[in-house]
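Engineer: only geometry, no sequence info:
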């Protein structure tokens, strides 16, 4: 099977590894190996979480050994805040550039990467005390290799979504037989992990339903970095200045990945219902597998109220999220039960309101509306979303209390400081 998946080869690419490993044998600090699939050189909506996690772990006195990939080369492989830290080591493994919509090729590339990465980390595994395995569709293969070669070091699986359930529900996997195969493989990954991190109560419930013992699941919310995210006035906003944005408009924003979890058709339908409301603009910022379809369909519908912007550098993320009146996050069918809109915490920390289009029977829907920290409408009723946006555009004071509530909620529950304390304690528990 491996021979087939690898195209008959399991060898490394040329110039396959950039390495810095400087952990001293006499250093009594614990060393955490962090295995990442999509490297920092790519535009990725979760790498800010990985970056903060590693920075915080080193702040807590731990060493970090990052195993990551190089593919697109859009940014440096290793951010300066990591590279210049004496507690940090890394191995960077080359892998192919594969479109995210090409599931088969991307999966096979992930399998190759797991084996190539293992050839790197096996040289250093004796110095490692625990492993954080980042969520990806091919994490099973890394898990099997860790089970065989990591000498019983505890593995914490950091799950950003529930694979393959999520992509089976949204149609990326159509074969029930393939789904069952992947499901069985993923259950083996869970079994081999000391702990599984869920990023929401809905995801925790889904994992429990799959059969993972509750005591093995820890909820660690997708956080915002409280040392970097800030409120920025329009007059000082780099993103507004860069694109000469008319801040007098009521700006409905989505900034992130145009992938399977993002219901771009909901944006088209809502924008179409509001196309005659000239004071409302939709700003779509990012890239992803459905970008071309999204742009083309908006043009075909004549939706001049939708403006598209390229993916923005992480250094101005606060400027981007401050450049709107409300963030609109429409998720595809049942995604809320298998994943979580991580950008919500960033928006609330910027004191911005968020409108979610999700299932009304989710814990997330009930919590957001009950605590008045945002707005949730049922994803089956795009008219409700359009009506809500129009109502808010006519009276922005309706948003102000939601912004205040969300800001307080984010600082209390969604900051990197509070959630990293939970994760750090979990790592210590796993090592003991």
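Structural biologist: Good, I have the coordinates. Source: prediction; values computed, not measured. Numbering: from 1, shown residues only.

Engineer: residue 427 against residue 155, yeah?
Structural biologist: No: using C-beta atoms under 8 Å, residue 427 makes no contact with residue 155, being 11.0 Å away. From N, CA and C alone the C-beta is placed, and that goes for glycine too.

Engineer: joint contacts of the two?
Structural biologist: Common contacts of residue 427 and residue 155 (C-beta atoms under 8 Å, 6 or more residues apart in numbering): 130, 132.

Engineer: neighbour count winner among these two?
Structural biologist: A side-by-side neighbour count of residue 427 and residue 155, using other C-beta atoms under 10 Å, places residue 155 first with 25 against 22.

Engineer: next up, the contacts around the more buried one.
Structural biologist: 130-133, 143, 146, 192-194.

Engineer: just the buried ones out of those residues, please.
Structural biologist: 130-133, 143, 146, 192-194 (16 or more other C-beta atoms under 10 Å).

Engineer: for these, which one is nearest residue 302?
Structural biologist: Nearest to residue 302, judged by C-beta to C-beta, of the buried ones among the contacts of residue 155 is residue 133 at 46.4 Å.

Engineer: ends of stretch 338-351, how far apart?
Structural biologist: Terminal residues of stretch 338-351 are spaced 26 Å apart (C-alpha to C-alpha, to the nearest Å).

Engineer: just stretch 75-88 next, same as before
Structural biologist: First-to-last residue span, stretch 75-88, C-alpha to C-alpha: 19 Å.

Engineer: check stretch 293-306 too.
Structural biologist: Its first and final residues considered, stretch 293-306 spans 14 Å by C-alpha to C-alpha.

Engineer: list the buried residues for that stretch?
Structural biologist: Neighbour counts over stretch 293-306 (16+ other C-beta under 10 Å) mark 294, 297-298, 303, 305-306 as buried.

Engineer: cool, and stretch 89-101?
Structural biologist: In terms of neighbour count (16+ other C-beta under 10 Å), stretch 89-101 has its buried residues at 89-95, 98, 100.

Engineer: next, residue 159: phi, psi?
Structural biologist: Dihedral angles of residue 159 (phi, psi; degrees, to the nearest 10) stand at phi -90, psi 120.

Engineer: quick one: contacts for the closest residue to it other than its chain neighbours?
Structural biologist: With C-beta to C-beta, 6 or more residues apart in numbering as the criterion, residue 159 has its nearest non-adjacent residue at 4.7 Å, and that residue is residue 135. The contact partners of residue 135, by C-beta under 8 Å, 6+ apart, come to 157-161, 163.

Engineer: one more: residue 406?
Structural biologist: 347-348, 351-354, 373-374.

Engineer: want to try a markdown table for the residues you listed, with distance to residue 47 and neighbour count as columns?
Structural biologist: Compiled in a markdown table, the contacts of residue 406 are given as follows (distance: C-beta to C-beta, whole Å; neighbours: other C-beta atoms under 10 Å):
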| residue | distance to residue 47 | neighbour count |
| --- | --- | --- |
| 347 | 18 | 27 |
| 348 | 20 | 28 |
| 351 | 24 | 18 |
| 352 | 21 | 24 |
| 353 | 25 | 25 |
| 354 | 21 | 26 |
| 373 | 26 | 24 |
| 374 | 24 | 26 |
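
Engineer: take the residues you listed and keep only those in strands.
Structural biologist: Counting by DSSP state E, the part of these found in strands is 353-354.

Engineer: ok, the contacts of residue 406 vs residue 215, which is closest?
Structural biologist: Using C-beta to C-beta, residue 373 comes nearest to residue 215 of the contacts of residue 406, at 28.9 Å.

Engineer: tell me how far that closest one lies from residue 198.
Structural biologist: In this view, residue 373 and residue 198 are 20 Å apart by C-beta to C-beta, to the nearest Å.

Engineer: with residue 122 instead?
Structural biologist: Using C-beta to C-beta, residue 122 is found at 29 Å from residue 198.

Engineer: so the two - more neighbours on which side?
Structural biologist: The neighbour comparison of residue 122 against residue 198 (other C-beta under 10 Å) goes to residue 198, with 23 against 15.
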